[in-house]
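A.B. asks: Predicted coordinates and the sequence they were generated for:
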Amino acid sequence: KAGVTQTPRYLIKTRGQQVTLSCSPISGHRSVSWYQQTPGQGLQFLFEYFSETQRNKGNFPGRFSGRQFSNSRSEMNVSTLELGDSALYLCASSVRGYGYTFGSGTRLTVV
Amino acid sequence: DAKTTQPPSMDCAEGRAANLPCNHSTISGNEYVYWYRQIHSQGPQYIIHGLKNNETNEMASLIITEDRKSSTLILPHATLRDTAVYYCIVFNDYKLSFGAGTTVTVRA
């Protein structure tokens, strides 16, 4: 059974640009969550989607957005990138919103 | 959100049991306790979760006190590959609120 797949694995962007990260959940999983991990703040919740509906959102500025498609795949977008957005972005999926399985993450570096 | 308190670090001898404590005194009646671990910037790995009763799986055991204000994760026979950061989390509203976790170092 394939795990949670995140693409790309690594990304380098320039300040002011925007970026889109992709997450393919485990087959049959309809809930997808996103987390940001930085050395200073640790793991922080960004948002959670179930059947294309956002059910919860973390305390991040509006530059961070996400969406979920009908096949449960999800994307998150960060606009107007700042140096502080450099982080490991993790996606996790579960069947209904319990017992999440995490992907390996996308390492974003903003220069 | 209910907060959790864990010791920042602990050592364990290989082959011995590792007991990881966690306080969650503000937990609500319907909130689950989850444990995850993370090995060197890989994605966190699910270990176990529980509500009221003690739980056991192939990786670990979870002991939750009767008042639910604290819990202990038990790794029965620690190996070097169990060296990781262990997170005790109160799950609420589809959100895992990670704290700083406990860095567990298993020594040969």
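C.D. replies: On my side now, so go ahead.
A.B. asks: residue boundaries of the strands in the chain?
C.D. replies: In the absence of a named chain, chain A is used. Per DSSP state E, chain A carries strands over the ranges A:5-7, A:10-13, A:19-24, A:31-38, A:42-50, A:53-57, A:64-68, A:74-78, A:87-94, A:101-102, A:106-110.
A.B. asks: that's the wrong chain, I wanted chain B
C.D. replies: B:9-13, B:18-23, B:32-38, B:45-50, B:55-56, B:61-64, B:70-75, B:84-92, B:95-96, B:102-107.
A.B. asks: looking at those, which is closest to residue A:2?
C.D. replies: strand B:45-50 (16.3 Å; CB to CB). C-beta: built from backbone N, CA, C; applies to glycine.
A.B. asks: For that closest one, list every residue counted as buried.
C.D. replies: B:46-50 (16 or more other CB atoms under 10 Å in any protein chain shown).
A.B. asks: Near chain B, which residues of chain A are found?
C.D. replies: Within chain A, the positions near chain B by CB under 8 Å from any CB of the partner chain are A:4, A:31, A:33, A:35, A:37, A:42-45, A:48, A:50, A:55-56, A:58, A:88, A:90, A:92, A:97-105.
A.B. asks: residues from chain B in reach of chain A?
C.D. replies: Checking chain B against chain A by CB under 8 Å from any CB, the hits are B:32, B:34, B:41-46, B:49, B:87, B:91, B:93-101.
A.B. asks: how does it look with 10 Å?
C.D. replies: By CB under 10 Å from any CB of the partner chain, the part of chain B that sits against chain A consists of B:1, B:32, B:34, B:36, B:38, B:41-46, B:48-49, B:85, B:87, B:89, B:91-101.
A.B. asks: Spatially central residue in chain A, please.
C.D. replies: residue A:34 (3.6 Å; CA atoms, centre = their mean).
A.B. asks: any idea of the pLDDT on it?
C.D. replies: Looking at residue A:34, its pLDDT stands at 98.
A.B. asks: What sits closest to it if chain neighbours are left out?
C.D. replies: Leaving aside its sequence neighbours, residue A:34 sits nearest to residue A:46 (CB to CB, 6 or more residues apart in numbering or on different chains; 4.0 Å).
A.B. asks: what about that neighbour, neighbour count?
C.D. replies: Using other CB atoms under 10 Å in any protein chain shown, residue A:46 has 22 neighbouring residues.
A.B. asks: which one is residue A:12 nearest to, not counting chain neighbours?
C.D. replies: Counting by CB to CB, 6+ apart, the residue nearest residue A:12 is residue A:109, at 4.8 Å.
A.B. asks: Who are the contact partners of the residue of chain B found nearest chain A?
C.D. replies: Residue of chain B nearest chain A, by CB to the nearest CB: residue B:43 (3.3 Å). Applying CB atoms under 10 Å, 6 or more residues apart in numbering or on different chains, we find residue B:43 in contact with A:3-4, A:6, A:35, A:37, A:88, A:90-92, A:100-105, B:36.
A.B. asks: and it, how far is that from residue A:21?
C.D. replies: As for residue B:43, its distance to residue A:21 is 14 Å (criterion: CB to CB, to the nearest Å).
A.B. asks: cool, and residue B:100?
C.D. replies: 25 Å.
A.B. asks: The two - which one has more neighbours?
C.D. replies: residue A:21 (21 against 14).
A.B. asks: Okay, and the beta partners of that one?
C.D. replies: Taking DSSP bridges as the rule, residue A:21 bridges to residue A:76.
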